[in-house]
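1. What follows is a protein structure lacking sequence information:
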């Protein structure tokens, strides 16, 4: 995840015409944190793994959906078949008077 996230973060920051410092101010994160995320690094010298709250802050500051920053965004999976129920029907649904609560348990 880290390398793709780093690339997406840098790409979107540049598309918005922001410096790391400006993105830091808009997101409430430090410039060093932004730099580490873009380099896919952290203080422990391991792969950067941002918290979900960090992802949301960055997405809001960049005015993009959080998913845009994640690996695989916009890529359609291949080789995925339809889901089938045990009866062989090719759709999943709720029948009769079942409600979401009764289905969810």
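-> Now that the structure is in, tell me what you want to look at. A quick note: this is a predicted structure, and the numbers were derived from the prediction, not measured. Residues are numbered from 1 along each chain as shown.
2. buried sites along the helix ranked longest in the chain?
-> Ordering each helix of the chain by length in residues (DSSP state H) puts helix 2-15 first. Buried residues in helix 2-15, defined by neighbour count with 16 or more other CB atoms under 10 Å: 2, 5, 6, 8, 9, 10, 12, 13. For glycine as for every other residue, the C-beta is placed from the backbone atoms N, C-alpha and C.
3. Save those as JSON lines, and put in distance to residue 67 and pLDDT too.
-> As requested, those are exported to JSON lines (distance: CB to CB, whole Å; pLDDT from 0 to 100):
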{"residue": "2", "distance to residue 67": "16", "pLDDT": "58"}
{"residue": "5", "distance to residue 67": "11", "pLDDT": "87"}
{"residue": "6", "distance to residue 67": "16", "pLDDT": "89"}
{"residue": "8", "distance to residue 67": "10", "pLDDT": "92"}
{"residue": "9", "distance to residue 67": "13", "pLDDT": "94"}
{"residue": "10", "distance to residue 67": "17", "pLDDT": "94"}
{"residue": "12", "distance to residue 67": "12", "pLDDT": "95"}
{"residue": "13", "distance to residue 67": "17", "pLDDT": "96"}
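4. Nearest to residue 62 among those residues?
-> Residue 62 has its nearest neighbour among those in residue 12, at 4.8 Å by CB to CB.
5. what sits against the nearest residue to the closest one once chain neighbours are set aside?
-> Once flanking residues are discounted, residue 12 sits nearest to residue 62: 4.8 Å by CB to CB, 6 or more residues apart in numbering. Residue 62 makes contact with 12, 13, 16, 18, 23, 69, according to CB atoms under 8 Å, 6 or more residues apart in numbering.
6. In a markdown table: the buried residues of helix 2-15, plus distance to residue 27.
-> Conversion of the buried residues of helix 2-15 to a markdown table gives the following (distance: CB to CB, whole Å):
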| residue | distance to residue 27 |
| --- | --- |
| 2 | 18 |
| 5 | 14 |
| 6 | 15 |
| 8 | 15 |
| 9 | 10 |
| 10 | 14 |
| 12 | 12 |
| 13 | 10 |
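7. So which of these is the closest to residue 49?
-> Among the buried residues of helix 2-15, and counting by CB to CB, the member closest to residue 49 is residue 2, at 6.5 Å.
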